[in-house]
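J.: next come a sequence and a model predicted from it.
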Amino acid sequence: DSGVTQTPKHLITATGQRVTLRCSPRSGDLSVYWYQQSLDQGLQFLIQYYNGEERAKGNILERFSAQQFPDLHSELNLSSLELGDSALYFCASSVGGTGVTGELFFGEGSRLTVL
Amino acid sequence: AQSVTQPDIHITVSEGASLELRCNYSYGATPYLFWYVQSPGQGLQLLLKYFSGDTLVQGIKGFEAEFKRSQSSFNLRKPSVHWSDAAEYFCAVGLDSNYQLIWGAGTKLIIKP
């Protein structure tokens, strides 16, 4: 158990809809990262928040947005969903503000299926 | 462009046999190097990391990796694999100039009984 909690574990929705994925980081971790994992794209970094502020942005679509709340949990909002958004979405957390020197702790992921 | 290459998409190994998974990177400076493992239905877990010093690093679950600067490689090894090692293995590289890791495409390890 990594200590990172993601909900929901599975989500099935239709094209054009909007969903929210939630992540609770490990106790004491200030950074939250969102990743998308799909068969054709592999593991793609989407966005990072550190202590409530956006720290880094990766290949995140404009239809997607995220935020980190004062209690440090984070939400990833996916809107106007397309079939290609079907993927496994991971949240990870770390103590520090950079993901390059410290260990990332991953949740078990939220599997999104868009029909 | 900065990149991390895991040339093997799949590797099949017999239980009890040795294992080597390859990872190459293309950067000028020595990066921070990581191997993560993703077991079926699970998130990724850190196996080991290299920052500096001894180029042979030990990790969890009996894995080790060797950093070879001349070859820009960080290959993962295990002397004798177990069926529970069946998983996908990801190499990742970090630079001080980036906030984020650069990930390889992953190698799926299949264990033959």
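T.: Yep, that arrived. Numbers count the residues shown, from 1 in each chain, chains lettered A, B, ... in the order given.
J.: could you list the low-pLDDT ranges of chain B?
T.: Counting by pLDDT under 70, chain B has low-confidence residues at B:1.
J.: could you pull up the residues touching the residue of it found nearest chain A?
T.: Nearest residue of chain B to chain A: B:Gly94, at 2.8 Å (C-beta to the nearest C-beta). C-beta coordinates here come from the backbone N, C-alpha and C atoms, glycine included. By C-beta atoms under 8 Å, 6 or more residues apart in numbering or on different chains, B:Gly94 lies in contact with A:Thr98, A:Gly99, A:Val100, A:Thr101, B:Pro31, B:Tyr32, B:Leu33, B:Phe34, B:Gln100, B:Leu101, B:Ile102.
J.: turn the residues you listed into TSV, including secondary structure and distance to A:Gln68.
T.: Output for the contacts of B:Gly94, formatted as TSV (DSSP: H, G, I helix; E, B strand; the rest coil; distance: C-beta to C-beta, whole Å):
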residue	secondary structure	distance to A:Gln68
A:Thr98	coil	16
A:Gly99	coil	14
A:Val100	coil	19
A:Thr101	coil	20
B:Pro31	coil	27
B:Tyr32	strand	24
B:Leu33	strand	28
B:Phe34	strand	24
B:Gln100	coil	16
B:Leu101	coil	19
B:Ile102	strand	23
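J.: can you tell me which of the residues you listed lies nearest to A:Gly16?
T.: Checking these against A:Gly16 with C-beta to C-beta, the nearest one is B:Gln100 at 30.5 Å.
J.: residues in contact with that closest one?
T.: A:Tyr33, A:Phe45, A:Gln48, A:Ala56, A:Gly58, A:Gly99, A:Val100, B:Gly94.
J.: let's see 7 Å
T.: Shown in contact with B:Gln100 (C-beta atoms under 7 Å, 6 or more residues apart in numbering or on different chains): A:Phe45, A:Gln48, A:Ala56, A:Gly58, A:Gly99, A:Val100.
J.: from these, which would you call buried?
T.: Of the members of the contacts of B:Gln100, the ones counted as buried by neighbours, 16 or more other C-beta atoms under 10 Å in any protein chain shown, are A:Phe45, A:Gln48, A:Ala56, A:Gly99, A:Val100.
J.: residue of chain A nearest chain B, please.
T.: Nearest to chain B, among the residues of chain A, is A:Val100, at 2.8 Å (C-beta to the nearest C-beta).
J.: that residue is in contact with B:Asn98, isn't it?
T.: Yes: contact criterion C-beta atoms under 7 Å: A:Val100 and B:Asn98 qualify, at 6.1 Å.
J.: what's the nearest residue to A:Gln67 if we skip its chain neighbours?
T.: A:Glu75 (6.0 Å; C-beta to C-beta, 6 or more residues apart in numbering or on different chains).
J.: now the host helix or strand of that neighbour: how far from the chain's centre is it?
T.: Applying DSSP states H and E as the criterion places A:Glu75 in strand A:74-78. Offset of strand A:74-78 from its chain centre (C-alpha atoms, centre = their mean, to the nearest Å): 7 Å.
J.: what pairs with that strand, parallel or antiparallel?
T.: strand A:19-24 (antiparallel), strand A:64-68 (antiparallel) (DSSP bridges).
J.: same list, the contacts of B:Gln100, but as a markdown table with distance to B:Lys112 and pLDDT please.
T.: Output for the contacts of B:Gln100, formatted as a markdown table (distance: C-beta to C-beta, whole Å; pLDDT from 0 to 100):
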| residue | distance to B:Lys112 | pLDDT |
| --- | --- | --- |
| A:Phe45 | 34 | 92 |
| A:Gln48 | 39 | 94 |
| A:Ala56 | 41 | 90 |
| A:Gly58 | 37 | 90 |
| A:Gly99 | 35 | 73 |
| A:Val100 | 36 | 76 |
